[in-house]
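Asks: Generate a structure from the sequence data that follows.
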Amino acid sequence: MPCCDSAAIPKISSKGTKFFAHAHRGECTSAPESDEHLWCKELIATAATRAGWTVTTELRGRTPIGENWVADVHCQKGSAQVVFEVQMSQQTKHELRMRQERYQASGIRAAWFYAQRHRKLLPRHSKSLPAFSLSAFESGQVPLVADFDSPLPDFIAGLLAKRLRWDVPLVNKPVHIEVMEDTCWACRQPVKHAFGHIEGIEIGDDPGEEWHPRAFTVSFLANALKEVLEVVTNDELRSAGINTILKPGEVKGKHANWPHCGMCPHCGAPQNNFHIGEKVRKALYSAEGQPTSLVPFNRLSTGHGAWVFE
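Replies: Residues are numbered from 1 along each chain as shown. Model prediction:
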């Protein structure tokens, strides 16, 4: 046996799976494997062999710093090495990561297959730690890789053929700028003051907590305008007919410490945050005041990564 000096004898489980066992158990501390574990290893090893890989079960090795590992199914083709681990018993996330790090330190890629009852122990969509749950099954039945509804042998063949890939999609994330219609104090031309933004909702959706009452003080409004510039540009604001936003230090003259504020698109006059805050408060929280609206912008951002099996 690879785990000790005991002689090995061939056996057939009650479910028909062929395996080797200790002729005499003796003092060996390796844990016995369940019929389901043995069956999955046989399915994986057979699929990998048919895919043209050199397969060894229960291969023992060690990391460059001397940490030992034992692979359920080790596959090699040229310099490429892939290990498949079957976990029918409970294992903590810490143990999973520690064992994965040993394979990585040895230059080996590894994928893990868990019994469905342990699904909650798996890391959610991890590129560095590919772990997949198997549908409920008995030895002799071909389990499905649950997330992809794929028979385990087909999934192994596809993975070795590089049909499993990590995908980080680009998604449209709507951003809405809150604006209030007004007139410029200097040139009396119509303007639209930005006073905040909302991310991730569509027009008509319930904005929920985004609409909680706000105290539009000078500092609050200045900070809100700063955050607006973090999600849209002044060019985009200008194109939408919204006042552009001046950063501190951009306004010259007597207003040396002027905070973030709006700028009239007609005459370039900075807009006073105190007076705008008073008008916005009246518009939102009373029956009177200037009309307000949401101006939508689409933002292309990265979504959450996930494994895709083609």
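Asks: who does the host helix or strand of Ile245 pair up with?
Replies: Per DSSP states H and E: Ile245 is located in strand 244-246. Here strand 244-246 has these sheet partners by DSSP bridges: strand 261-263 (antiparallel).
Asks: what does the partner strand contact?
Replies: 191, 193-194, 222, 225, 243-246, 251, 269-273, 276 (Cβ atoms under 8 Å, 6 or more residues apart in numbering). C-beta here means a position set from N, CA and C on the backbone, and glycine is covered the same way.
Asks: which intervals of the chain have sub-threshold pLDDT?
Replies: For the chain, applying pLDDT under 70 flags the ranges 2-4, 25-32, 120-125, 200-213, 250-258, 301-303.
Asks: all strands for the stretch 101-250 of the chain, in order.
Replies: Residue ranges of the strands in the stretch 101-250 of the chain, as given by DSSP state E, counting those that start in this stretch, are 109-115, 131-134, 144-145, 150-151, 164-167, 170-183, 190-199, 244-246.
Asks: what about Ala287, which SS state?
Replies: Put simply, Ala287 is coil when judged by DSSP: H, G, I helix; E, B strand; the rest coil.
Asks: before we move on, what about Ser14?
Replies: coil.
Asks: Measure how far stretch 148-166 is from the centre of its chain, please.
Replies: 21 Å (Cα atoms, centre = their mean, to the nearest Å).
Asks: should've said stretch 186-197
Replies: The answer for stretch 186-197 is 39 Å, by Cα atoms, centre = their mean.
Asks: can you pull the buried residues of that stretch?
Replies: Val191, Lys192, His193, Ala194, Phe195, Gly196, His197 (16 or more other Cβ atoms under 10 Å).
Asks: now stretch 82-96
Replies: For stretch 82-96, by 16+ other Cβ under 10 Å, it's Val82, Val83, Phe84, Glu85, Val86, Gln87, Met88, Leu96.
Asks: Now for the first one: which residues touch it?
Replies: So the one you mean is Val82. Trp53, His74, Cys75, Gln76, Ile108, Arg109, Ala110, Ala111, Leu159, Leu160.
Asks: Show me how the chain divides into domains.
Replies: 38-163, 171-302 (automatic domain parsing).
Asks: Bridged to Gln81, which residues?
Replies: As assigned using DSSP bridges, the partners bridged with Gln81 are Gln76.
Asks: can you tell me how far it sits from Ile108?
Replies: The spacing between Gln81 and Ile108, counted by Cβ to Cβ, to the nearest Å, is 4 Å.
Asks: just Lys162 next, same as before
Replies: 16 Å.
Asks: can the domains of the chain go into JSON lines with extra columns for distance to Lys18?
Replies: Formatted as JSON lines, those follow (distance: least, Cβ to Cβ, whole Å):
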{"stretch": "domain 38-163", "distance to Lys18": "7"}
{"stretch": "domain 171-302", "distance to Lys18": "47"}
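Asks: Sounds good, over and out.
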